[in-house]
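Participant: predicted model, plus sequence, below.
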Amino acid sequence: MMGLFRKLIKLGLVATGGFALYQVYWGLQQLFSRDVHLTLARHVNQAKSGTLLHDVTDHEGYTREHSIEDGIERVIYHPRRRVYDTPIVMQHGMWHGAWTWDTWGPFFAARGWEVHTHSLPGHSGSPSQTPIESCTLDYYLAFLKAEIDRQAHKPILLGHSMGGALAQWYLKYVGDLPAAVLVAPWPHELLLSGETTYFFSADLAAILLSLITRRAENCRSPQAAAHALLSETSVVSPQELFKQLGPESLLVMLQHHPPFWLAPKVINTPMLLLAGEGDVVVSLDALKQTAEHYHADFRQYPGAAHNLMMEKNHAEIAQHIHDWLVKVGVN
């Protein structure tokens with residue numbers, strides 16, 4: 001009886017290992033077939049045309065325009081008195097959406113900036129255009145480029161986490177911008193560190209579930225999401241955050257590795273990089289090295305977690321960004 005039990009265990013382990021290898025093979029096959037330049041050149045918004053939502057609300061100092069048009073959810077903050085001609089485009093990270101910027105959008109609009117936020121397909125209010133598990137960084141980059149192309153003037157690009165990686169790729173594959181702000185971004189170089197270390201340090205159930213679903217399952221509960229993204233003094237609760245998070249492709253995380261991920265060697269865009277000292281997703285040392293690589297200005301915040309825009313001092317952090325933009329001459 002014990003012999004049969006051991007054989008069943010071995011058979012299960014072999015089957016599990018074989019399945020994991022197949023999933024890795026599938027992922028590598030998908031990524032090796034990607035070409036960033038071709039993705040950008042061939043990009044087509046495949047969503048049904050039309051407006052599903054358009055709502056404008058008045059606030060002190062700004063109006064908030066919320067829409068879902070041609071498959072893309074957008075929240076645009078229009079200042080009542082526009083001080084700066086250069087708009088700000090804010091790019092969210094994994095699992096998030098346009099709602100990520102509910103604290104910073106109003107802050108900047110009240111100071112005269114026009115702020116444009118959006119949700120990538122399959123995130124928040126933007127319907128999926130391709131299965132989420134097949135989405136890649138270059139696929140997302142094409143949608144970010146489309147949002148930037150909508151602007152009358154080249155915008156400031158502000159990217160959080162994966163959005164920071166997309167910002168780096170935009171500067172590499174598309175061109176320079178008036179300024180870029182990377183908020184707890186994926187580092188410029190990464191191999192078994194940063195968010196990869198976080199992924200593999202997660203509980204075994206999350207890793208196995210990710211391999212089965214081909215989705216990044218690190219935030220599958222309020223507790224897991226809070227551990228990854230929030231501090232004890234964040235202004236949103238784990239339950240509030242988790243309710244808004246959506247599914248995310250595991251491929252985007254895998255693509256942030258050689259030979260698929262190549263950061264720009266030189267950029268001509270002024271850059272500010274912000275880091276939280278309590279961030280468990282990306283390490284402080286890796287972000288310092290990234291700032292050095294890009295010759296970026298760097299600020300770190302004691303006790304802050306990955307979602308800096310949700311910290312209790314989010315207004316102070318936003319003020320630092322505003323002051324930096326004015327300092328480097330963006331207007």
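Facilitator: Yep, it's here. What you see is a predicted model, and the numbers here were worked out from it, not measured in a lab. Numbering: from 1, shown residues only.
Participant: helices along the stretch 151-300 of the chain, start to end?
Facilitator: Listed in chain order, the helices of the stretch 151-300 of the chain (DSSP state H, counting those that start in this stretch) span 162-173, 195-201, 204-213, 222-229, 238-244, 251-254, 284-294.
Participant: looking at these, which is closest to E60?
Facilitator: In terms of C-beta to C-beta, the element of those nearest to E60 is helix 238-244, at 23.6 Å. Where you see a C-beta, it was placed from the backbone N, CA and C, and this is true even at glycine.
Participant: as a markdown table, the helices of the stretch 151-300 of the chain with mean neighbour count would be great.
Facilitator: Formatted as a markdown table, those follow (neighbours: other C-beta atoms under 10 Å):
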| stretch | mean neighbour count |
| --- | --- |
| helix 162-173 | 24 |
| helix 195-201 | 17 |
| helix 204-213 | 15 |
| helix 222-229 | 20 |
| helix 238-244 | 15 |
| helix 251-254 | 23 |
| helix 284-294 | 19 |
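Participant: columns distance to L308 and mean pLDDT on top of these, output as CSV?
Facilitator: Conversion of the helices of the stretch 151-300 of the chain to CSV gives the following (distance: least, C-beta to C-beta, whole Å; pLDDT from 0 to 100):
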stretch, distance to L308, mean pLDDT
helix 162-173, 11, 98
helix 195-201, 16, 60
helix 204-213, 24, 83
helix 222-229, 10, 94
helix 238-244, 14, 98
helix 251-254, 20, 92
helix 284-294, 12, 95
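Participant: any chance of those helices in a markdown table, plus distance to G112?
Facilitator: Formatted as a markdown table, these follow (distance: least, C-beta to C-beta, whole Å):
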| stretch | distance to G112 |
| --- | --- |
| helix 162-173 | 23 |
| helix 195-201 | 35 |
| helix 204-213 | 43 |
| helix 222-229 | 30 |
| helix 238-244 | 28 |
| helix 251-254 | 34 |
| helix 284-294 | 27 |
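Participant: what about V330, distance to P155?
Facilitator: 10 Å (C-beta to C-beta, to the nearest Å).
Participant: compare the two and say which is more crowded by neighbours.
Facilitator: Between V330 and P155, counted using other C-beta atoms under 10 Å, P155 has the larger neighbour count: 24 against 18.
Participant: picking up where we left off before, let me know which of the helices of the stretch 151-300 of the chain is the nearest to S119.
Facilitator: Of all the helices of the stretch 151-300 of the chain, helix 238-244 sits nearest to S119, with 10.6 Å by C-beta to C-beta.
Participant: chain center to that closest one, what's the gap?
Facilitator: Relative to its parent chain, helix 238-244 has a centroid offset of 17 Å by C-alpha atoms, centre = their mean, to the nearest Å.
Participant: let's see that helix as CSV, backbone CA atoms only.
Facilitator: Only the C-alpha atoms of helix 238-244 are listed here, as CSV (Å, rounded to 0.1, in the frame of the first residue of the first chain):
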residue,chain,number,x,y,z
PRO,A,238,-7.0,46.2,1.8
GLN,A,239,-10.7,45.5,1.0
GLU,A,240,-11.2,48.8,-0.9
LEU,A,241,-8.0,48.2,-2.9
PHE,A,242,-8.8,44.5,-3.7
LYS,A,243,-12.3,45.4,-4.9
GLN,A,244,-10.8,47.5,-7.7
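Participant: quick one: contacts of it?
Facilitator: 96-97, 99, 124, 219, 221-223, 225-226, 229-230, 307, 310 (C-beta atoms under 8 Å, 6 or more residues apart in numbering).
Participant: dump these into CSV; add distance to G61 as well.
Facilitator: Listed next are the contacts of helix 238-244 as CSV, based on distance: C-beta to C-beta, whole Å:
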residue, distance to G61
H96, 25
G97, 24
W99, 20
S124, 25
C219, 33
S221, 37
P222, 33
Q223, 37
A225, 31
A226, 31
L229, 28
L230, 28
N307, 24
M310, 21
